[in-house]
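*Asks:* pasted the sequence and its predicted model underneath.
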Amino acid sequence: MTNVRPRDVQVLPIGESTLVLRSRSWNRLRFEIEYALEKGTTANSYVIQGEDITVIDPPGGTFREIYLTALQERIDLRQIKYVICQHVNPNRAETLHALLKLAPQICFVASNLGVKNLRSILESNYGDTLLATGLQTITVKGDDSLAIGGGHVLQFILTPTPRYPDSICTFDSKTEILFSDKFFGAHLCGDQVYDEGSEALLADRRYYFDCLMSNQTKQVESALDKFAELQPQLIAPNHGVLVRYSRHELYNLYRQWCEAQKQQPLSVALLYASAYGNTAVLAQALARGITKAGLAVEAINCEQAEPSEIKAAVEKSAGFLIGSPTLAGHLPTQVQTALGIVLANAPKSALAGVFGSYGWSGEAVDTLAEKLKEAGYVLAFDPIKIKFTPTESTLQFCEETGTDFAQALKMAKKVRQTAVPSSNVEQAVGRIVGSLCVLTVHKGAVRTAMLASWVSQASFNPPGLTVAVGKERAIESYLYLGDRFVLNILPQGKNIAKHFSKKFAPGVDRFAGVATETSEKGGIILSEALAYLECQVAQRMEVGDHWLVYAIADGGKVLLQNELTAVHHRKSGAHY
């Protein structure tokens, strides 16, 4: 990103005796699919200054120094009584350890699994400190509460999900603030604290939901039921703006988005375990690709799931994916158990896939693949083995693989994606013609392209155009507000359209064998194009099975003055 501002902490009161500390970064911090819009993020932490000073969710190690400095400017760290960890991960433990050194009297509050994770992470990395200070903890169970003085009574709500099985949320009955952990967030950075103009936030909220929540709708709906009983006046998530004005609207949207996933014609069981979080990141990217293509995903963390839950998911699914880390050269016990359940219950007609991350060897993924093949299952793609932390290119590859897996399931199950193409309406719609173009994107390490014919000029001033992009298209993830692309308008009689009309395997270079140039703004120009336009996405709207992208053209040129524009003629409006 250009003009990146230094990281800082924005501190504001949000309720009686309650502060938010918004640790902000304007650039992308992590290679996880939910961060892929690259709008930065805020890591929100909260301080309740009751008689017992309570801190909620200190941020990850990226913000450790600036956060602790800002915290020390507001309170005496030696007066902190409780630190509530609504979920625990290794990144956050870095800040918790630093805070513990400054304030050894702290008592940590978390779910049972959260306390176990915290002890394990701290003891494995900072054992000497813990031996000297001890670790005080309170384990939260369902409906537990904690009075911290000044009228503040904190009610805890267990909200486990496959990705965050230790998750809890916290409700302060005095201020009626719901500290919602991962729920109702978004990854975007700015000066805006509350949700004024919620319409402008919709795309970011939807993307966050699609990446993080859409594969665990059962758990999301359970959490929504619990939140509805509380009727909070303010929702304070870990990431993004605080929700005051659109809380009912956002709550209803979460319900609608969950229901839409449940109505999909086919589902995929996504089973995994993740020792250090990397396999979970791969699972999220695969799930994102599957849901984009119109299938439901049921994600199951094998480390926490009951065998009956795994069995039920596998039996009702048209296909399944299993992901595993490699521990001492072997499958973790929980994955071995899940594999046994799959082999005993999944029909041989179910498509399968395996994936995982590893540090040194990666035998677990090979073992999974071999066992499934020996049992007669067909693997829809080559096993995905990623060493250490996934990269941006890895996420793109996994997302595309997920989409291809979903399309293969649709074909195998003969799911109709469109209405009967012979209707009078569809024949008439098919007579609408559009310029044949190739839309290209170059964003970071990603270079991708799509053949497009649903293109139209949309405005004179500013010069704007619309492009309809299928939800399952790989390029769709790089066409959000602020993203840039080049629209290459093709001439008649050239073979370049044929090249881009073929199906590309995940990770394959779309531009192999195609002459290209780099535009002034870093985009990809096809040398054989009739003309090109450099564009920036200004709006996008969901329209059935497509996204309608409106973009402003801020550069361009005609390359072939005497050629005619290629036009796409169709006999039916039911397919391309």
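*Replies:* Thanks, I have the structure now.
*Asks:* going forward, measure contacts between C-alpha atoms and count neighbours the same way
*Replies:* Fine.
*Asks:* tell me the helix or strand right after whichever strand or helix holds residue 279.
*Replies:* According to DSSP states H and E, residue 279 maps onto helix 278-292. Moving toward the C-terminus from helix 278-292, the next helix or strand (DSSP H and E) is strand 296-301.
*Asks:* that following strand to helix 278-292, inter-axis angle?
*Replies:* 170 degrees (axes from the mean of the first three to the mean of the last three Cα atoms, to 10 degrees).
*Asks:* okay, now the sheet partners of strand 296-301, with direction.
*Replies:* If you go by DSSP bridges, strand 296-301 pairs up with strand 267-272 (parallel).
*Asks:* can you name the residues in contact with the helix holding residue 279?
*Replies:* With Cα atoms under 8 Å, 6 or more residues apart in numbering as the test, helix 278-292 has contacts from 32-33, 163, 210-212, 214-215, 261, 270, 272-274, 296-297, 323-325, 355-357, 388-390, 395-396, 398-406, 471-473.
*Asks:* please indicate which of the residues you listed are buried?
*Replies:* 32-33, 163, 210-212, 214-215, 261, 270, 272-274, 296-297, 323-325, 355-357, 389-390, 395-396, 398-406, 471-473 (16 or more other Cα atoms under 10 Å).
*Asks:* which parts of the stretch 451-576 of the chain are helices?
*Replies:* Listed in chain order, the helices of the stretch 451-576 of the chain (DSSP state H, counting those that start in this stretch) span 496-501.
*Asks:* show me where the stretch 301-450 of the chain has strands.
*Replies:* For the stretch 301-450 of the chain, applying DSSP state E, counting those that start in this stretch gives strands covering 319-323, 351-358, 384-387, 434-435, 437-443, 446-452.
*Asks:* any idea which of those gets closest to residue 179?
*Replies:* For those, proximity to residue 179 was assessed by Cα to Cα; strand 319-323 is nearest, at 31.4 Å.
*Asks:* how far off strand 296-301 does the closest one point, in degrees?
*Replies:* Here the directions of strand 319-323 and strand 296-301 differ by 30 degrees (the same axes, to 10 degrees).
*Asks:* now for strand 319-323, which elements pack on it?
*Replies:* Applying 3 or more Cα pairs under 8 Å, 6 or more residues apart in numbering; DSSP states H and E, we find strand 319-323 packed against strand 267-272, strand 351-358.
*Asks:* hmm, try it at 10 Å
*Replies:* strand 267-272, helix 278-292, strand 296-301, helix 307-316, helix 333-345, strand 351-358, helix 363-374, helix 392-413 (3 or more Cα pairs under 10 Å, 6 or more residues apart in numbering; DSSP states H and E).
*Asks:* make CSV out of these and add distance to residue 251.
*Replies:* Output for the helices and strands packed on strand 319-323, formatted as CSV (distance: least, Cα to Cα, whole Å):
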stretch, distance to residue 251
strand 267-272, 24
helix 278-292, 21
strand 296-301, 20
helix 307-316, 26
helix 333-345, 34
strand 351-358, 34
helix 363-374, 39
helix 392-413, 27
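*Asks:* make CSV out of the ones you listed and add mean pLDDT and distance to residue 129.
*Replies:* Formatted as CSV, those follow (pLDDT from 0 to 100; distance: least, Cα to Cα, whole Å):
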stretch, mean pLDDT, distance to residue 129
strand 267-272, 97, 33
helix 278-292, 95, 27
strand 296-301, 97, 32
helix 307-316, 96, 38
helix 333-345, 97, 31
strand 351-358, 96, 29
helix 363-374, 96, 35
helix 392-413, 92, 36
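*Asks:* so for residue 172, which of the ones you listed sits nearest?
*Replies:* Residue 172 lies closest to strand 296-301 among the helices and strands packed on strand 319-323, at 30.0 Å (Cα to Cα).
*Asks:* surely residue 13 and residue 22 touch.
*Replies:* No. Contact criterion Cα atoms under 10 Å: residue 13 and residue 22 do not qualify, at 11.3 Å.
*Asks:* mind checking which of the two has more residues around it?
*Replies:* More crowded of residue 13 and residue 22, by other Cα atoms under 10 Å: residue 22, with 26 against 13.
*Asks:* now the more buried one. Nearest residue, chain neighbours left out?
*Replies:* Excluding the flanking residues, the one nearest residue 22 by Cα to Cα, 6 or more residues apart in numbering is residue 44, at 4.5 Å.
*Asks:* intersection of neighbour lists for residue 13 and residue 22?
*Replies:* In terms of Cα atoms under 10 Å, 6 or more residues apart in numbering, residue 13 and residue 22 are both contacted by the residues residue 46.
*Asks:* returning to that earlier point: strands paired with the host helix or strand of the residue nearest to residue 22, and their directions?
*Replies:* Taking DSSP H and E as the criterion, residue 44 maps to strand 41-49. Sheet pairing for strand 41-49, assigned by DSSP bridges, gives strand 18-25 (antiparallel), strand 53-56 (antiparallel).
*Asks:* could those go into TSV alongside mean pLDDT?
*Replies:* Shown next, in TSV, are the strands paired with strand 41-49 (pLDDT from 0 to 100):
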stretch	mean pLDDT
strand 18-25	98
strand 53-56	98
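*Asks:* and these: which comes nearest residue 454?
*Replies:* strand 18-25 (36.7 Å).
*Asks:* which stretches of the stretch 151-300 of the chain form helices?
*Replies:* According to DSSP H, counting those that start in this stretch, the helices that the stretch 151-300 of the chain contains are 202-212, 217-230, 247-262, 278-292.
*Asks:* pick the most buried one from these.
*Replies:* Among the helices of the stretch 151-300 of the chain, the stretch with the highest mean neighbour count (mean count of other Cα atoms under 10 Å) is helix 278-292, at a mean of 27.
*Asks:* and that one, how far from the chain's centre?
*Replies:* 8 Å (Cα atoms, centre = their mean, to the nearest Å).
*Asks:* could you chop the chain up by domain?
*Replies:* Here the domain parsing of the chain from automatic domain parsing is 8-259, 266-413, 425-568.
*Asks:* could you export the ones you listed as JSON lines, including distance to residue 574?
*Replies:* Output for the domains of the chain, formatted as JSON lines (distance: least, Cα to Cα, whole Å):
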{"stretch": "domain 8-259", "distance to residue 574": "25"}
{"stretch": "domain 266-413", "distance to residue 574": "17"}
{"stretch": "domain 425-568", "distance to residue 574": "6"}
